[in-house]
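Asks: quick one, structure for this:
(one chain, ligands or ions: 1)
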Amino acid sequence: MIGTPRVHHRSCDSTNARGRELAAGGAPHGTLVTADEQADGRGRQGRSWTAPARTALLMSLVLRDLGPARELLPLVAAVAVCEACEEAAPPVRCRIKWPNDVWIDGRKVAGILIEGRPAEGWTVLGIGLNVSTGAGDFPPELSATATSLRLAGDGSQIATEAMLRSVLDRLYERLDQPPAEVLTRWRERDALHGLVVRWNGGDGVAAGIDDSGALLVDAEGGCLRLDAGEVHLRTAGAPATQEAPGAPQRL
Ligand code: BTN
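Replies: Have a look, this model is predicted:
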């Protein structure tokens with residue numbers, strides 16, 4: 001099982017920071033850290049993550065000795081979060097902006113931050129999922145790009161604790177699955193496919209992911225392979241389904 005032992009903070013700096021500390025101190029596989037509120041929530045690539053108190057699922061999971069599953073963990077986590085959201089708030093349909101931002105209707109509902117010490121055999125999987133955030137609760141800089149399950153669904157309240165259980169169940173199931181299955185599920189939700197993406201080094205049309213989870217891009221001079229750790233996609237675009245088929249959008 002995953003999710004026990006569990007440490008819950010009413011407020012902490014970052015559940016990932018707490019998770020890392022516990023992992024470095026020998027916490028077992030499956031240890032969970034949650035919080036009602038974070039003072040210093042961290043996002044990918046040095047960004048911060050903010051969420052009004054008690055409106056979001058803020059969780060970090062210590063995972064040990066994942067073996068080959070470690071490589072696809074960013075994709076596994078994104079698929080699990082999508083599935084949990086869709087189950088909790090039908091008829092929402094989630095899509096994934098490579099590598100693991102979860103979107104509903106072109107707005108971000110969840111982000112995933114994976115940190116770790118592979119040499120020491122541990123990884124911390126951090127997930128921030130906007131559950132019951134209202135439209136006026138987001139800071140102004142996020143109001144046009146963020147959403148919550150409540151806003152995207154039928155407006156009914158969803159308990160954060162129920163979302164936690166659902167995310168843990170989906171993760172547990174998906175962590176054990178063959179890579180091919182995870183890749184298929186991720187590809188079904190690829191929000192960038194067919195869109196023009198720009199990164200620190202060029203631009204091109206997103207053409208899916210390879211079997212290691214790297215983004216493939218058709219660019220001048222051929223097909224490129226971009227690694228999530230190295231590439232910063234400067235902007236994000238609308239899901240491909242909102243575009244005319246075959247008409248890539250410059251972001
Ligand atoms: C991103 O989209 O940039 C990743 C955001 C990850 C946020 C979560 S909230 C729980 C956990 N603790 C953190 O400090 N960050 C992750």
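Asks: on the three-state scheme, Ser60 is what?
Replies: Under DSSP: H, G, I helix; E, B strand; the rest coil, Ser60 falls in the strand class.
Asks: wait, what's in contact with it?
Replies: 15-16, 18-19, 32-34, 124-127 (CB atoms under 8 Å, 6 or more residues apart in numbering). From N, CA and C alone the C-beta is placed, and that goes for glycine too.
Asks: up against the ligand, what does the stretch 101-250 of the chain have?
Replies: The stretch 101-250 of the chain has residues 101, 111-113, 126-128 near the ligand, with proximity defined as CB under 6 Å from any ligand atom.
Asks: let's go with 8 Å and repeat that
Replies: Residues of the stretch 101-250 of the chain that fall close to the ligand, judged by CB under 8 Å from any ligand atom: 101, 108, 110-113, 126-128.
Asks: from the contacts of Ser60, which ones fall inside strands?
Replies: Members of the contacts of Ser60 lying in strands (criterion: DSSP state E): 32-34, 124-127.
Asks: what is the nearest of those residues to Ala23?
Replies: Val124 (5.8 Å; CB to CB).
Asks: give me the spatial nearest neighbour of the closest one, chain neighbours excluded.
Replies: The spatially closest residue to Val124, leaving aside those adjacent along the chain, is Gly19, at 4.1 Å (CB to CB, 6 or more residues apart in numbering).
Asks: so how many other residues sit close to the one you found?
Replies: When neighbours are defined as other CB atoms under 10 Å, Gly19 has 28 of them.
Asks: give me the element the residue of the chain found nearest the ligand is part of.
Replies: Of all residues in the chain, Gly111 sits closest to the ligand, at 2.2 Å by CB to the nearest ligand atom. Following DSSP states H and E, one finds Gly111 within strand 107-117.
Asks: I'd like the mean pLDDT over that strand, please.
Replies: Averaged across strand 107-117, the pLDDT comes to 97.
Asks: which residues sit against that strand?
Replies: Contacts for strand 107-117 (CB under 8 Å, 6+ apart): 16, 20, 23-24, 42-44, 49, 73-74, 77-78, 81, 85, 94, 97, 100-103, 122-130, 145-149, 152, 236.
Asks: mind listing which of the residues you listed are in helices?
Replies: Mapping the contacts of strand 107-117 onto helices (DSSP state H) picks out 16, 20, 23-24, 73-74, 77-78, 81, 85, 149, 152.
Asks: stretch 130-150: which residues count as buried?
Replies: 130-133, 137-138, 142, 146-150 (16 or more other CB atoms under 10 Å).
Asks: show me how this protein divides into domains.
Replies: 6-187, 196-250 (automatic domain parsing).
Asks: any idea of the mean pLDDT in stretch 158-178?
Replies: In this model, stretch 158-178 has an average pLDDT of 96.
Asks: sorry, that was for stretch 201-218
Replies: Here the average pLDDT along stretch 201-218 is 94.
Asks: the residue nearest to Leu73 when sequence neighbours are not counted: neighbour count?
Replies: Among residues not flanking Leu73 along the chain, Ile114 sits closest, at 5.9 Å (CB to CB, 6+ apart). Here the number of neighbours of Ile114 (other CB under 10 Å) works out to 22.
Asks: beta partners of Ile114?
Replies: Beta-bridge partners recorded for Ile114 (DSSP bridges): Leu125.
Asks: what do you get for Asp101?
Replies: Beta-bridge partners, per DSSP bridges, of Asp101: Lys97.
Asks: ok so, going back, what are the buried residues along the strand holding Gly111?
Replies: Within strand 107-117, the residues that count as buried by 16+ other CB under 10 Å are 107-116.
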